[in-house]
Every structure is written in C-alpha cells, then in structure tokens.
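Chemist: what's the 3D shape of this:
(2 chains)
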There are 2 protein chains.
Amino acid sequence: MEADMKNNLQYIFKPRSVAVIGASTRKGTIGREILHNLIVNEFNGKVFPVNPKATVIHSIKCYSTILDVPDAVDLAIIVVPRDSVPDVAEQCGQKGVRGLVVISAGFREVGVEGLKVENRLVDICRKYGMRMIGPNCFGVVNTDPEYSLNCTFGKTRALQGRVGFISQSGGLGEAIMNHASILGLGFSIVASIGNKADISANDILEYLKDDPSTDIILLYLENFGNPRHFTKIAREISRFKPIVAVKAGRTRQGAAAGSSHTGALAELDVGVDALFDQCGVLRVSSVEELFDVGAALSMQPIPKGNRVAIISNAGGPALLATDALVSLGMDVAPFSSAMKTKLKKALSGQGTVNNPLDLVAGAGGKHFETALNIVKNDPNIDSIVTVFVPPVTINQMDVANSILNGVKGSKKTVLACFMGVGEGSAAVNYLKQNGIPVYLFPEAIAKTLSLIDSHRKWLDRPLPKIKTFKVDYARVQKILDGVLTKKQDSIVGDTALSILDAYGIPVTRNRIARTDKEAVAAADEIGYPVALKVNTPQILHKTEFGAVVIDIRSAKETKSCFTELKKKVAKLPGKKEAFSVMVQEMVTGGIETVMGMSTDPSFGPLIMFGLGGIYVEILKDVAFRISPLTVHNVDEMIGGLKSYPLLTGYRGSEPADLATLKESLLRLSQLVSDFDDFAEIDINPFVARSKKGMSKAVDARIILRHDE
Amino acid sequence: MEADMKNNLQYIFKPRSVAVIGASTRKGTIGREILHNLIVNEFNGKVFPVNPKATVIHSIKCYSTILDVPDAVDLAIIVVPRDSVPDVAEQCGQKGVRGLVVISAGFREVGVEGLKVENRLVDICRKYGMRMIGPNCFGVVNTDPEYSLNCTFGKTRALQGRVGFISQSGGLGEAIMNHASILGLGFSIVASIGNKADISANDILEYLKDDPSTDIILLYLENFGNPRHFTKIAREISRFKPIVAVKAGRTRQGAAAGSSHTGALAELDVGVDALFDQCGVLRVSSVEELFDVGAALSMQPIPKGNRVAIISNAGGPALLATDALVSLGMDVAPFSSAMKTKLKKALSGQGTVNNPLDLVAGAGGKHFETALNIVKNDPNIDSIVTVFVPPVTINQMDVANSILNGVKGSKKTVLACFMGVGEGSAAVNYLKQNGIPVYLFPEAIAKTLSLIDSHRKWLDRPLPKIKTFKVDYARVQKILDGVLTKKQDSIVGDTALSILDAYGIPVTRNRIARTDKEAVAAADEIGYPVALKVNTPQILHKTEFGAVVIDIRSAKETKSCFTELKKKVAKLPGKKEAFSVMVQEMVTGGIETVMGMSTDPSFGPLIMFGLGGIYVEILKDVAFRISPLTVHNVDEMIGGLKSYPLLTGYRGSEPADLATLKESLLRLSQLVSDFDDFAEIDINPFVARSKKGMSKAVDARIILRHDE
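Modeler: Numbering: from 1, shown residues only, chains lettered A, B, ... in the order given. Predicted structure coming up:
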C-alpha cells in the first residue's frame, strides 16, 4: 500500500489519461476552462470529459459518469459541487483511478460542515489507495512535453522551465502564473495544494527532489502540516536544489487572519525563521521577491562571494544600486589598480574609472561589452550588475547584445537592470531568453542578489553536526517520575538545577536545608558568602516576594535569615509544603545570560539564548533556534547577538568563557531532545565568567507539559 | 536684477517662443528628438530650430544663429557640443533670451576642464540675467495646455497631472517618464536639473510651491546645494503639498560613488534622515516607491489614522497584505461586532466575517461593492485596501466598476491591488483613470500606505517651537576669545564645563587647583568624596592615561593624589603647560547619558543623544537631529531610543529627570546656534538622576572649528 501510495502520486503529474468530471461547455466556468487548457496545451494522452448532461464537450465525446469511460483513467480532475464530490470520488475508486485533483471548494475552509465532507473524501481515497491534491485548489501543471499537462483553470499558459512551484493558495495560482509568464520564468511543475487533505507540500517536495526536470523550488505557504518532516526533506533538497519560500502569516494580525482562513494553527514567526534557516530555505517576504529570486536562481549561478561590480550608463542609478547593495551587506569594493588601468585603457575617453563604473554619457552597447569583458575576469569580483538607463539615442537591442557578448564565458553571477523599461521590451525579453535575468529597478537586483548570496553562505556552512554528550539520563528520568507522580506543574530551585547538572550544564554548588542547623552546615561546607532561597514550587518569582537573601557572610547570618524566611513563607496562603531553603554558592562578577527553551506548537522545542536583564527584556536581543541544535547553530546564536561584544570583553571587562556557554546550550538541546516532558525551561541567570569552570547556572525554572 | 532673475525662471516653464540650438534632422540624435517632442506635443508657441548647416528641420525654417531669428525668443534649448556652449549662450544673451535649458554634457561632471567651461557659462548667464537649467540635463516638461512644453529628448509623452517632478539625474529622466506613463501617473512639471550650475532644486521647489497646477512634489536627489535653504522651503511646502524624495548616496560606498560622479560632497546619511524628518519630506528608498507613493498621494487623501480594512477575494493574498501592513506599523484591527453583523447580513452565504475580509471563493464585483459600501462607513477604519486575485471566471472590469461604485463618496484612503495583473489591463487602467491607484502586489500597497500615513503623523505634529533660554552669552564669548587667541584646538575640563554652565546646562561643582593646598581647599569646599582630573587640553582621553582619580575621601588623600598626578604629567613629552587639576564633585548613581554635537559638512550642527557606554558604543542606540532643535525634536530623540525604558525606571531603578535632559538638549542646541566656533561637542557622561537639580554634566570635550 505504501508503495502504491507513492507510485500513485506520480500519476498526479504524469498521467496518460485524464478525466474531467464536471466538464462543461459554458465559457467562463471552471469545468470548461480546465478541459480547454488540457486540450490547447496538447496534453500528451487521452482526455475524457464527464458530465451526465452532455454528449460532447469541446469536440470530445462526453461520458455520464467515469464508470462509463471505456479506457483506463489515471487522473481525474473533479469540479462538481462539493456535496457530489464524495460520490464521484467513490466512482473514481471503483474505476481504478490513481490520482484525483479536486478543484471544488467549500470544504475545511468554510467550517465544520465542510470538514466533514473533506474527511469522507479522504477516507474514500485511502480505501482505494488513490492520491489526491486539494480540495479547494487551482490544479496542477507539468510542462514536460512527454506529458504537457495543464489542468488549471487559469488563462496563462505556463512556460517550460526548471522551476517547480508549490502554492498553498489556490487564489494565487492564476496571479502567479500570469506574473511568471510576464517575467519569462518557466516552470517544470506547478502544484496548487489547496487544503492538503491528502497530498501535502512535503509530499510534493519529495517528488520534486527526484524530479530531473526541476532545479529550483518555489513555495508559497500559509502553514506547515509536519514541520519536522519539512525540515528533514528541505535540508536534504537545499544542498542541491535551492528552495525559496514565502510564508504568509508572519505577523500576529496576519497569523490571526490565517487561522480563520484555513483553520490551521499559525506558528510563531520566530519558529518559521529558525526552521527555514536551519534547513537552508531562502525566505523572501513577498511573491514579487519569490519570482525575482526564482528567476535569478534559474538563470544564473549562485555567487561565490559578496563582491559586486556595477556597470552603468548613468551615475544616479548606479548610486541607487550601490546604496541598495551595500545596505544589504554586499560589497561594492573599489577595483584594484590593475583593473582600473585595464578599464581606463579599454574605455579610452572615459573620465573616472571606479566601482560602480559609470560609463561616459551616451555609452552604448560597445562600452558595456568592453567593460564586461574586463570585469568578468576580475578575481576580486563575484557578481556583476549592469544598470542600463535607456536614452533615446541608443538602441536597446544593441545593449542587450553587447551584454550577452560581454559576459560570454563568465562564471560570475550576472543580473541586469533595464531601468523603467516596461513589459514587452524586445531587448529585455531577448536577455531573459538568453539566461540573463532583467529587473526594472536596481533595488530589486540588490534584494535578489543578497538573497541568493545568503544561500551561498548557507551552502558554505559545515554540514550540521549534532554533538552528543555523556549525561546522566537516569537521574533526570527519576526526578521527572517523582514530580509527575505528584502532578507538579513546574520544577524550580534545587531540583531544576539538579536536572541541568545531570546533563552536564554547570550549576552553582547548593544544598537543601530543612532546619537552621542544616542551613548553617551547608553554608559552612559551600563557603561564604552564600545565598539562601526559599525552595518551593509555589513561589516562582522569588525576588519579588523577597524569598532570596544574598551575600550571607557568616553562620550567624545564615541562621537568622533561615528563620526569617521560614516565618515569611508560613504567612503565605494555600496548602503548605514542608519548608526548606536552598543554600547556594554566591556567584559574583561575570555577565548574566539567559538560556531557555519554549515549545512551538508546530516546531516543538525552540532553544533561546541572550544576555540577561535589559538585553532580553527591553532590547529583545535574543536568538532562537529549533532543537536539536548543531554546533553551527550555537555559534550563530551567540555570535549573532547585537550585544555579542559584551561577551568578548567590553572596555576591559571580563570576557565570557564562550566554550562553556556553547556546550551548555548544546547540552540543553540534548536534554529537551531526550525528554518531551518540558514545556518551558528558563535558566536565568546563567552567569558567564572568564575562567574555565566558573560559569554557572544560578537559577532555573521548568514548566512541565500537560498532555491530555 | 533679483526680480528679473525670479521672473526669468518663469520662462523656463512658461515660454511663448522656444529656440532649439543644435537642432538636427538626423533621427536618434538629441537635437532631433527635442525638436520632435516640442512639435508632437504641440507646444503652444513658436519654435525656432537653429543650426548653421540646415535651412529647414522637421518642416520648420531653420536659422544659422539665434541672432538671425526675427522674433523674440523666451527660451533656448542648447544641444551643441560643450565647447560651443558658451558662445551660443553669449548670443542668447545678446538676443535677450530669458532662459536656457542646456542639455549638452561634458561639464563639471567630467572634471576640472569641464568645470571651467561651466563657470564661464554661468558668468554669461549672470551677465545677461538669464536663468539656466543644466548643463547635463534631460530637459523640462510643462503639461499645462496653456504651454504644452516638452523639451526633453525622451520617447515618452508625459501625461498631464498634478505631480511636479525634480530629478538631479539626467539619465533617470527617460526611465522615469516611461515608468510613470506605465503607472498612469500624470505630471504638471518635470525638471531635470543636471549640474545645477544656476537653477537648483531649491529654486524649482520655490516655483512649484506657488504653482497652482502642482499638488505633490517628487524629488530625485544626489546631493544638497544649500540644505538650510532646502529645509526652510521644504518645511513650508510640506504643510500643504507633500514632498516625496529619493536621495541616492545613502550608504558609505554609495556616497563615495556619488562624489566621484558629481563632484559633490556626500552628506552623512544620518543628516539626510534628520533633515527630511524635520521638514516633513517623505523619504522613500527607491524610484519604484517614489512613484508608488506619488500615485497614492495624487489620487487619494492622506489617511486619518493607521487603521486599515482589507477586502479580498483570496485568503492567501489577504494574509500577505496583513503581514506587510502590520509589520510596517499599520493596524488591521478586527471589525466591531456591529460591523460584523452588518457585513454578514449583506454578504449572505459568507462563512466568516473578519478583517481581513476574505470574500467567499468566486466572489465577483458585486461582493466587493457590497463589502465596500459597508466598510467605507466604519468609523474605526481609516483606509481600505482591496486585494483582487483575478480568477478566470470573473470579469475584471466588473470588479473595477464595483470597487468604484463601492467607494463612491468615501473619504477614506482607498488603494487597490490587482494581483499579478500585467501592464495594459483595461480594468487596472480604468481604476487609475478614476482615481484609485492600483498595485501589482499587496506589499507595495503596504509600503505606500505606511509611508503616506507617516506623512499624516508629521502633519499632526505641533508646529515647530524653538525655545530660547536666558543664557550668559558674554561668558562663552570671552572664553572663546581666549582660546582662539591661543590657537587651541580643543577645550576640555573646567573650561568646557564652564561653557555649558553659561548656557544653563547643569554641571558638577568643580574648582581648578594649581597647588596641593588649593586642591585641598577646593575639595573641602565641594565636600567629599571628590574626583581629581588633570586639567590640560593635551590629555584628552583621561581615563586611559590614568589622569583621573575618583572617590577621594579626605584632605590627606587629596593632597597625595595631587602630587602623584603632577609627577605623572611631568613625565609626558611635548611642551608643558602649567599643571593644574580640576577638583570635582563626585556624582554617584543615576544613568550615564551622552549628549553631543557634530558638524555635518552640508547641514551644519547635528545634535546627538543616547545612553552611555554599551548603548552608544556597541548598540549605536543614539538619535540625531539637525540644530536648532524644536521641543518636539527633543521629545522624539529621547522617546525614540530603544533604551528609553531605562530612563523611565527599569526594574525599580531610578528614573531620569526627563525635563532636565530635554532642557539641556535644547540649551545645547541654542549654544551651537549662537556660536559657530564648535566642530564637535561631547558631553560624556551627562549623569541623569531622578531628583530635580541632581542631573549633571560630568565631563565635556569641545573640538573647535578650523576655518582657513
């Protein structure tokens, strides 16, 4: 069955015979447009319209039901009203159809009623081993001439190309295909996955991974079905086929709209960013960027570095390009003096020679070619951006030709801007057909180049390496068994630190004391000064309650503090636990950091790191990654903080022992991977000191998960 | 002459007769295209081609020189080679021409040689009182049918409209006019100002201020000629005509390109931001945004607030719009329950009703009209964004019509998105012609709406109020006279604090002591603890040198510290000044802030404020404004810091006396307005305490200007 399921997925894109159930003669209806698209795109197989009320549609014999079709049918496109869909699907199953594309809407997306019908539909698919795209989708396209399948209802004919596109929004389908054809972007596969009742984005990713016609994958997503599975597949694919994604529902208000729209649970955006980063998916922020980046990746190599040369026939636009590139982290570095000499010689009459290279006014094609011929061999340059502002006196086609001649044989990334040139420019189309992506404005080039350059950086990263440490698993299990039996919500104080300690995260020395005598003995053993902390889960926010006394310097002080704390706690309302305190080693100096873990409803445990106090609370200068953390993740989390210089010693202050910080984060990650009982962990503060062995977790608070 | 000059500027845009000197019959040449454009745009006056080698051009009699033209000539367009320009201009002067548009290039922009010719040209203009645009420009356009002037060499005919456009880049001219015509954006005036040898952007701003045909002004700038004048004019105009600007040379690398390009001094970007903010100019970051915002402002009112309703026929794009709007600070708040009821009733069959409003699948024109009719009356909404994804089954023109019907009579700002619809869509053009700006993607709408909303916020600001305090001007003058006589580079220590004190900025109590006895007497008077600081301009970085001793608690300590410091300084190389120390009141507690002033080469004094230490040095969390500061500026500078919460009391710590901080910044601004001898002032730290009268400048360092 498993093998069947996978095999049948192939028939969605590679059918030899297609039935359109709900085909119609009436122009402007979906049932007519789909049939029309199949025929005018010359689907390379048999098409069978199905409609009980017609005998012929679009010159093709029509059948009452699919059961009446004399031949085998691989794929059925269903466009009948919602309530008829299950019956029709049942017939498809009986007929031995392998795949369904359900265009009909009115399912999960309209509420409970629709969800019921959708569930019935899924059951029918499962019963017969059929795979289904949709419902509530725009259809699919496979431009491979071997199939030439277009069962969408859009007006635009997809160009053939090497980009696979997966869209969760049916509504966007038409808009996107139209925009892509304007841009000259060709597709291998287009799949609108709608409600994802059976086939998910992950399934199609798996398909595209092995699809030899697809080099690049574009995604439009609104939510993740199975983010862990997504991560696994995407991480694998990204190494050899770039994945570019727009994820809607980025902001809280957007996310709210998302959940009322698709009924799907919206993820925290920090989780999405971390997820994409960890599996190498290039996140873009708009559909426009999706296609700008898609065009660049499908036509040009990924740059080898961030050094860009700009060649332009107008100073202003060259400036705009420089501004935009530099502000996005690209380097428009001066040319070497050798390059300058070469350029000056070749471009005789040229006043100044620099990067950006502003060709003399009235520079025509020849100048571009000359400059490109030199710059393409500059080893200090990774990408070339040409910015052409078309003056009336220069033939645009000449310029296009010269750009093509000039970059011939270049291994650098080349992007062109024909500023303000509208759709349908012959020169622009000519460049695109010859593999040079063209943009209307230099800012779009800058954004695109910096995005594909960030993919290079991802590819350059070492392969993810997850370190595993020897830890005391049994001790944590025992503690958890204990607290879970007691139905505790949280673990604090000594017990929390003990869990960390079991996983090798350094913690302060501490002892629990139930009597003043025990307290004094503990303090004597730990050595003064010490801190006393009330040790009960009831009092989470200790400092506010005054349940912590620090800097206790003698046995006498220890005793009196113990007594005072005990009195205070006795006055608290609610059920009483046996009173105890934690006598704790005082950590002075160093830098307060915060480590933590929270659970994303879709992505599972996220690990957090930041500096304490104002840095985390006001400046929100923290980093999140999805667990399990790789060594590289941890380097990035720490090194990427704005306040990172504080950890390396600021104004002569003590630098932090970074190795211990990093290892502690990895150990925390291992802890939350080993146990799924934690909802949240706060290690606050984890005091980072300079000397090896001196950095320690001072306090921790663990909230346990409540699964029903 | 002054009046003449102003009067003659009018002739640039409103000539009754135009000569084209350098007119040509050869297609593709600038001299031909300009003449052609004048004629095909039906210039409402006489056109005289001038070219010694032709007798007729473009069916019009041609003259050898302008002196041969029998009629009076108001405006001459000059397209002859550079070296002939001065002679031709001379003849224009003799002929009594009022204005010149010099298209010819090769002047200042190519170096010293060109600059010389440019200077000669300017001299000739001055001699005859002629006004000149250019050289090295694209020409000018005035679409007013009374003139119908187009003396550019572009291929695009400008649409008539109410937008005035000033471009410093000639190269951009054609690109911009082409892009604008694709967008359906109409111009009143287009002026490419080129090298600004005579007429500057400021001059044209003044002209557009009073031009009844212009409602909105768009600027493309590479540098400022006279930023103070710009500020004055722009601030005045912005109140009733929005100004939108792209300023190239934003980044350091961009700025470097700028200065090699135009030979103009590039400004620090922080200065440009402050300048634009202070005079209400909407800064956009690309030419694309310039026109997106220009279209919105020319067709729609400025929103009354940031609350946006989104109405869409597709969930995904509605989500994208919400994401983009919310991330830019707009509010896509839920509809009130009353609104929801109304909408639900009107849109029978609609599943959920919310903001964003996702109309049922297959929603056609009628649904948009119904929804708009209700939402346009919602008092909780300021702007409406419609997002339409064209399905094949719906007639786009119907939707366009329904949007127009739906918003009829609305006073809200309405922007439409027709997603992925290419140029030339009849429906899109129809909407634009009827005053609804249309965008291809929701992200562009979000950017545009948030930008014009920021202009509303600027308009809502109180009118700039500059407080003037009673200060001791004479004392500062006396100090400056003294140090300037001594040719000092800087003022530090006691003298620097004394200058601040004279302007009412609170400083610590301090005394200068030349002997140990004086030091002890001073310390006794100030009261312990005190600090001792070496008091000589030679040693600016006191702490590193160890020239400061703090927390001195007795007369004895004072004496020994004095002796020690004196010894240390004696060992320093270089010429010796008489040794003295500053005995200073110790300030403990409070929050360290930094106030300062630096001089922008174009904008003059910038005032800076931030928190001290890591906040200024690592997090760069500082605010700049151009002096003189208004009360509102100061509120924004302080309140806009990320670290602002620290000043209001964080975790129970001492809040700062904000009134004193603000007043001190205003007094600092007054100081640098009153004296132009300062290049830089650093007040670091200015310790902010909670109690009135306790916040004080502890140290200050003043660098003096060196004018040759």
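Chemist: mind listing the strands for the stretch 351-500 of chain A?
Modeler: For the stretch 351-500 of chain A, the strands defined by DSSP state E, counting those that start in this stretch occupy A:357-358, A:383-388, A:413-418, A:438-439, A:490-492.
Chemist: per-domain residue ranges of chain A.
Modeler: Here the domain parsing of chain A from automatic domain parsing is A:2-296, A:306-460, A:463-508+A:587-708, A:511-585.
Chemist: residues in the stretch 101-250 of chain A within reach of chain B, list them.
Modeler: Proximity of the stretch 101-250 of chain A to chain B, by Cβ under 8 Å from any Cβ of the partner chain, involves residues A:105-106, A:109-111, A:136, A:153-155, A:167-172, A:174-179, A:182, A:220, A:222, A:246, A:248-250. Yep, even glycine has a C-beta here, placed from its N, CA and C like the rest.
Chemist: what's the most centrally placed residue in chain A in contact with, if anything?
Modeler: The structure's chain A has its C-alpha centroid closest to residue A:276; by Cα atoms, centre = their mean the separation is 2.4 Å. Each residue near residue A:276 by Cβ atoms under 8 Å, 6 or more residues apart in numbering or on different chains is listed here: A:245, A:247, A:282-283.
Chemist: quick one: which of these is most hemmed in?
Modeler: Neighbour counts for these, by other Cβ atoms under 10 Å in any protein chain shown, peak at residue A:247, which reaches 27 neighbours.
Chemist: Tell me what it is bridged to.
Modeler: Beta-bridge pairing of residue A:247 under DSSP bridges involves residue A:221.
Chemist: Contacts only, for it.
Modeler: Neighbouring residues of residue A:247 by Cβ under 8 Å, 6+ apart: A:221-222, A:272, A:276, A:283.
Chemist: Residue A:631 too?
Modeler: So residue A:631 contacts A:462, A:465-467, A:662, A:666 (Cβ under 8 Å, 6+ apart).
Chemist: Now do the strands for the stretch 501-650 of chain A: every range, in order, please.
Modeler: Under DSSP E, counting those that start in this stretch, the stretch 501-650 of chain A gives strands at A:510-513, A:530-534, A:548-552, A:581-585, A:591-600, A:604-611, A:622-626.
Chemist: Most tightly packed of these?
Modeler: Mean neighbour count (mean count of other Cβ atoms under 10 Å in any protein chain shown) peaks for strand A:581-585 among the strands of the stretch 501-650 of chain A, with a mean of 26.
Chemist: which parts of stretch A:67-79 are buried?
Modeler: A:69, A:73-79 (16 or more other Cβ atoms under 10 Å in any protein chain shown).
Chemist: farthest pair in those?
Modeler: A:74 and A:79 (17.4 Å; Cβ to Cβ).
Chemist: from memory residue A:648 sits against residue A:657, does it?
Modeler: No. In this structure, residue A:648 is not within contact of residue A:657 by Cβ atoms under 8 Å, at 11.2 Å.
Chemist: Just the pLDDT at residue A:256, thanks.
Modeler: pLDDT for residue A:256: 49.
Chemist: again with residue A:250
Modeler: Note for residue A:250: predicted pLDDT of 66.
Chemist: now swap in residue A:6 and tell me
Modeler: 69.
Chemist: tell me which parts of the stretch 601-708 of chain A are close to chain B?
Modeler: A:613-614, A:617-619, A:642-643, A:645-646, A:650-651.
Chemist: make that the stretch 401-550 of chain A, sorry
Modeler: Within the stretch 401-550 of chain A, the positions near chain B by Cβ under 8 Å from any Cβ are A:419-424, A:440-444.
Chemist: Quick one: mark the members of these that sit in helices.
Modeler: Mapping those onto helices (DSSP state H) picks out A:442-444.
Chemist: how far away is residue A:11 from residue B:237?
Modeler: Distance of residue A:11 to residue B:237, given as Cβ to Cβ, to the nearest Å: 66 Å.
Chemist: Ok, residue A:645 next?
Modeler: From residue A:645 to residue B:237 the distance is 44 Å (Cβ to Cβ).
Chemist: When the two are compared, which one has more neighbours?
Modeler: A count of neighbours by other Cβ under 10 Å puts residue B:237 above the other of residue A:645 and residue B:237, at 21 against 15.
Chemist: what's the helix or strand for residue A:680?
Modeler: Assigned by DSSP states H and E, residue A:680 falls within strand A:678-688.
Chemist: where are the low-confidence patches of chain A?
Modeler: A:1-6, A:250-269, A:349-351, A:360-364, A:391-393, A:423, A:536-546, A:574-576, A:707-708 (pLDDT under 70).
Chemist: show me what contacts the residue nearest to residue A:586 when sequence neighbours are not counted?
Modeler: Distances taken as Cβ to Cβ, 6 or more residues apart in numbering or on different chains place residue A:529 nearest to residue A:586, at 4.5 Å, with adjacent residues excluded. Contacts for residue A:529 were tallied using Cβ under 8 Å, 6+ apart; they are A:550-553, A:586.
Chemist: which two in those are spaced the farthest apart?
Modeler: Farthest-apart pair in the contacts of residue A:529 is A:550 and A:553; separation 10.4 Å (Cβ to Cβ).
Chemist: my guess is residue A:42 meets residue A:148, correct?
Modeler: Yes. If you go by Cβ under 8 Å, residue A:42 and residue A:148 touch, sitting 5.4 Å apart.
Chemist: Pick out whichever of these two has more residues nearby.
Modeler: Shown here are residue A:42 and residue A:148; by other Cβ under 10 Å, residue A:148 has more neighbours (16 against 9).
Chemist: what residues are up against that one?
Modeler: Counted by Cβ under 8 Å, 6+ apart, residue A:148 has contacts A:41-44, A:142.
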